[in-house]
Every structure is written in structure tokens, then in C-alpha cells.
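Engineer: predicted model follows, preceded by the sequence.
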2 protein chains.
Amino acid sequence: MSHTVGELAALAGVTVRTLHHYDRIGLLTPSGRTSAGYRVYELSDVDRLQQVLVYRGLGFGLEEIGSLLDDPDVDAGEHLRRQHQLLLEQRDRTDRMVAAVEKEMEALDMGTPMTPQEKLEVFGDWLPEEYADEAEQRWGDTTEWSQSQARTAAYSKQDWLDIKAETDDLERRLAAALAEGAPADGERAMDLAEEHRQHISRRFYDCSHELHACLGRMYTDDERFTAYYEGIAPGLAAYLSTACQANAARHAA
Amino acid sequence: MSHTVGELAALAGVTVRTLHHYDRIGLLTPSGRTSAGYRVYELSDVDRLQQVLVYRGLGFGLEEIGSLLDDPDVDAGEHLRRQHQLLLEQRDRTDRMVAAVEKEMEALDMGTPMTPQEKLEVFGDWLPEEYADEAEQRWGDTTEWSQSQARTAAYSKQDWLDIKAETDDLERRLAAALAEGAPADGERAMDLAEEHRQHISRRFYDCSHELHACLGRMYTDDERFTAYYEGIAPGLAAYLSTACQANAARHAA
DNA sequence: CTTGACCCTGACGCGACGTCAGGCACTTCC
DNA sequence: GGAAGTGCCTGACGTCGCGTCAGGGTCAAG
């Protein structure tokens, strides 16, 4: 039932050095030592190592793993549920990357060009987590935000793919309008802006014309939104921004 | 069409420092510089960054990624196919971990104990890659090896799960025989060894009694096999080893 | 009682960045 | 047109998770 370092290392597929390291930083201290000072790992240590390895595989830092596992309010079952959830999320990310690579293979075969945005957004986790924190800070107390949260929570993977397809299509048509010289405050651009507004209303939250105009300003004011739209076509950020505001003005009139 | 570092970083979801780093090590050198020395990234640079990020996400080192991408014999389509394959493998690994966590959740609920082996083998990639290299070096020119390669290549995920279930079951019964004091060269142990041999023959390669006896010796001689079986129950490696050889002797008689 | 495999504890090295520090470039707003 | 704010530049040192010796004790087998 008890193991030496070498045995445990072989069992777990890690090196002896790794176990030494975990011992020194206090992440996994063997239950006992022999009289000669040899580390002795018991079953409970194997359990803990397994937890460590799952969290490590999910990208957690060793220190963070330590505080997670040492939290007395969280039992083994809770950890398993967490890990299960995180693993499913990781699989979804991999799926999205697979889809992106497939899409690009297809684009390469067909000769259809892709925007830098399409190529890279796979990695950006473009709405979730990181960005979500900030979004909540800025808009956390608005009804629109909570509405968006409520709806998107229920969206399936397929829903997200659909939304992305709609978005891509709309952005392509906007870029085309821009390329063909349609004025940003002209009818064609305003119609596209209106479509944009309705897309948001359907998928995320009720987006009034006023709010939409405000969104438009953000596309030129917030660098990341600017980078996003400029990544699709140069000048698109300002173009869409103007179109949104012109469309709002048209509606107010 | 061209981007500054900050823009590209925002697009790709990495930091400016990362792009600086990639520039210095020559992994991603921007196509141009402004007169003031600002980095200018063109579309081709965005493409390359995407490739870099996919490979990086798959766990490759930056230097290796560089030589992969700079190989003139490999074009973009080939990279995409490689990445696609690797991503699918990564998803399978995640799936196996999900299955393992689910199994453990179930075990926790039901109160069924698991062996250290069952808990940890998920991470070991126990047959593939790393170990496969060495296996090939040792047995690469045997017909059994090529037979095994041919069969396992066609196995689906479900096949592997079935195989694993069979293996688990057999090992459990072996451990029980050991625990109940059945002699390693007695009939019960030999029958289990015979079952083990037939399992190998069905699933991997034609395993003669002679070869099986040889396998048995390896269970005590090769540390990793020893660690594997000792992880299930102490003394099991030697027990199975003896049983294999006794079974072979019985058959020869 | 030697040999060989395994264990110990430092201690330095490394890959992939994070994080200042000090300074130039470019727009914007008064 | 100058001051402020933001972004970019190049060192240079810090960090995290180990890999890799170096020097030396331990232990079962022959």
C-alpha cells in the first residue's frame, strides 16, 4: 500500500524530481519517512497527487492548487465536480479550435480569404472570463447586463456557433459596404446598423437606439473593440460607429 | 491591414511582452518597422502567429515550433492537417480524464474503493507515444509488434474503454486470488494467467505460452511493469509473473 | 563485501514569459 | 505650441516548474 518516490513517480507518469519539488514547496508531503530518510507515500498521498495532477493539467499554478486542496470547506466530491466542470470547458475550447482549424482548411481549399479576426478569435475567449470581469465592472448594475447574463447562460454550443455565423455574415456585409464606398451615414450602412442592433436584441439584451449609439461610440473609444473591427477591415470601427449613430438619429427623427 | 504590437496582442489575446519575446528569439519577426522603430505586423505575420499559438497550445516548445514552421518541405495545409490531428488527440485525452473523474465520482458515491493504479493511469498515456518509442526499439522487428500495431490502430475509443474494463476486471480477480492466499503456481492462478494470455491474443497479438512466460518475467524485471502491478496490490507483479510461467509449463507438459 | 539500483540533499540551469525602469513617439486638448 | 496622456522602444532582473548534475548514503543480490 505504500510506495517509494520512484514507484509513485512511475505510477503517476511524473519524474522523481517533480515529487521532490512538490515535497519542498509543501504541495505533497509524503505521509512518512523510513529511518534512512526515504520518502514513504501512502494511499492518501496518491489521492492527493491525483487531484494535483488534474488541476495542474487544467493550467492551475502549484501554489493555487495547494490552497484549493487545503481549503477545509471543500471536500473531495466538490473537487471532483469542479474538475469535471473545468474539463468539460477545456474540451469545448479544444472543440472550438478544431472547428477553427477545419474552417481554415476549408478556406484554404476553396481559396476563400479569412479576416485576421476570424483566424485569431478562437484563442481570445472573446466574451468569457477575463473580459467578463471587466464587463461586469462597467455594466454590472444595468438591466441589460443581467438580461444578457440570463440568456447567454442557457446557450448551447450550437447556439454560440449560430451566433458566430450571424455575426460573421453581418460583419462581412459591413466590410463590403465600406469597401464599395457606401457612406457611413447613408441608407445602406444604416440598414446594416439596424440589423446589428436587432441581432443584439435577439441574442443578448434589448438594445435601444440610444444604447446602440452609445455602443457605436465605444467601438472607436475602446481600443479592443477598435482592434476587433480594424482586424476585419481597416476603417470598419469608425464606419460602424458612425452608422450606428446615424441610424439612431434617423429613428429619433 | 497592418497592425502595431498592441493591436496584434489584443487580437490574439496575448501580451505585448510575448510578441517582443517572439521577436527576439526569431519566432515571429514583424514584417516591417516604422521610421521610429515601431514593429509593423502584416497579414502574413498574423497567419504565422496563429500557427504558433495552435502549436503552443498543443504543448510544443517555442524553438520546436520555429523549426516546424520554418521547414520548407511543409506547407500551410500540412500544418493544418497536423494540428487537426493533434487537437483530436488532445480532445481524446481530455475525454479520458473526464471519464476517469466521472468514474471516481461514482466510486465515491457508491463507496467502492479504487486501486491507486486506476486513479492514476489516466495521465500516464500508458501505451502511446513516449512508451511506444521504447517499445518499438525493443520489439520493433517482431511480428507480434507489427500485429499489435495493425490491430490497435483500428481501435475506437469505445474499444479502448472495453479493453480497459476487461483488464481491470482480470486484475481485480488476480488481486483477489493473491489476497485469498491461492498459490501463484496453483490452478486458480494459472487459469487467470491463461485468461490473461487469451486477452492479449484477442486484443493485441498472438501470444504463445512461451512468449507469455517471457512477458511474465518482464513484470518483475522491468521496473515500470512492476510499479504498475504493485500499484494494484503489493506482491501482484511477482504473483502474476509466477502464474504466467507456471501456466506455460503446464501447457508444455 | 562488492556491485548496482535506488534514495537523499543542495545547487545551478532553463524556458517562457512578467514586471519594472528609463526614454522616445505621437496625438490631443488647451 | 506646449503639456498631458497613451503607446512603443530596449535592457535587465524576477518567477515558476521543473531538468540536470554533483556528492554521498542505503539496500538487496550475488
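Structural biologist: Yep, it's here. Numbers count the residues shown, from 1 in each chain, chains lettered A, B, ... in the order given.
Engineer: the strands in chain A, which residues?
Structural biologist: Listed in chain order, the strands found in chain A under DSSP state E are A:32-33, A:39-40.
Engineer: okay, A:Arg151: pLDDT?
Structural biologist: pLDDT, A:Arg151: 58.
Engineer: then A:Glu194?
Structural biologist: What the model reports as pLDDT for A:Glu194 is 89.
Engineer: ditto for A:Arg172
Structural biologist: According to the predicted model, the pLDDT of A:Arg172 comes to 81.
Engineer: one more: A:Ser148?
Structural biologist: pLDDT, A:Ser148: 57.
Engineer: also A:Pro128?
Structural biologist: The confidence metric pLDDT takes the value 36 at A:Pro128.
Engineer: with adjacent residues omitted, what lies nearest to A:Ala179?
Structural biologist: Once flanking residues are discounted, A:Ala179 sits nearest to A:Ala233: 7.0 Å by C-beta to C-beta, 6 or more residues apart in numbering or on different chains. (Each C-beta comes from the backbone N, C-alpha and C, glycine too.)
Engineer: equivalent analysis for A:Thr29, please.
Structural biologist: Take A:Thr29 and drop its neighbours on the chain: the residue closest to it by C-beta to C-beta, 6+ apart is A:Asp23, 5.7 Å away.
Engineer: run a quick neighbour tally on A:Ala249.
Structural biologist: Summarising burial for A:Ala249: neighbours were counted as other C-beta atoms under 10 Å in any protein chain shown, giving 13.
Engineer: apologies, that question was intended for A:Arg33.
Structural biologist: Other residues within reach of A:Arg33 by the criterion other C-beta under 10 Å amount to 10.
Engineer: and if you look at A:Arg56?
Structural biologist: Residues lying near A:Arg56 (other C-beta under 10 Å) number 19.
Engineer: now do A:Ala76
Structural biologist: The burial count assigned to A:Ala76 is 14, neighbours taken as other C-beta under 10 Å.
Engineer: need the contact list for the closest residue to it other than its chain neighbours.
Structural biologist: In this structure, A:Ala76 finds its nearest non-sequential neighbour in B:Leu108, 6.4 Å apart by C-beta to C-beta, 6+ apart. With C-beta atoms under 8 Å, 6 or more residues apart in numbering or on different chains as the criterion, the residues that contact B:Leu108 are A:76-77, A:80.
Engineer: any idea how far DNA strand C is from B:Leu108?
Structural biologist: Counting by C-beta to the nearest atom of the strand, to the nearest Å, the separation of B:Leu108 from DNA strand C is 29 Å.
Engineer: please apply the same query to A:Gly59.
Structural biologist: Remark: distance between A:Gly59 and DNA strand C (C-beta to the nearest atom of the strand) = 12 Å.
Engineer: tell me, how many residues neighbour that residue?
Structural biologist: A total of 9 residues lie near A:Gly59 under the criterion other C-beta under 10 Å.
Engineer: backbone dihedrals for it, please?
Structural biologist: Note on A:Gly59: backbone dihedrals following degrees, to the nearest 10 are phi 100, psi 10.
Engineer: these two touch, right, A:Leu178 and A:Leu236?
Structural biologist: Yes: with contact defined as C-beta atoms under 8 Å, A:Leu178 reaches A:Leu236; the gap is 5.9 Å.
Engineer: when you scan stretch A:6-24, is anything in it near DNA strand C?
Structural biologist: Yes: contact between stretch A:6-24 and DNA strand C, assessed by C-beta under 7 Å from any atom of the strand, occurs at A:6-7, A:16, A:20, A:23.
Engineer: so which of these sits lowest on pLDDT?
Structural biologist: Sorting those by confidence puts A:Glu7 at the bottom, with a pLDDT of 88.
Engineer: neighbours of it, just the number please.
Structural biologist: For A:Glu7, the number of neighbouring residues by other C-beta under 10 Å comes to 20.
Engineer: and the one 3 residues further on, by the same measure?
Structural biologist: Each residue near A:Ala10 was counted by other C-beta under 10 Å, and the total is 23.
Engineer: what pLDDT is listed against it?
Structural biologist: As summarised for this prediction, A:Ala10 has a pLDDT of 83.
Engineer: and what of the one 5 residues further on?
Structural biologist: pLDDT recorded at A:Thr15 is 92.
Engineer: one more: A:Val98?
Structural biologist: According to the model's per-residue confidence, A:Val98 sits at a pLDDT of 87.
Engineer: how about A:Gly186?
Structural biologist: A:Gly186 carries a pLDDT score of 80 in this model.
Engineer: likewise for A:Leu68?
Structural biologist: The predicted local confidence for A:Leu68 is 94.
Engineer: many thanks, I have nothing further to ask.
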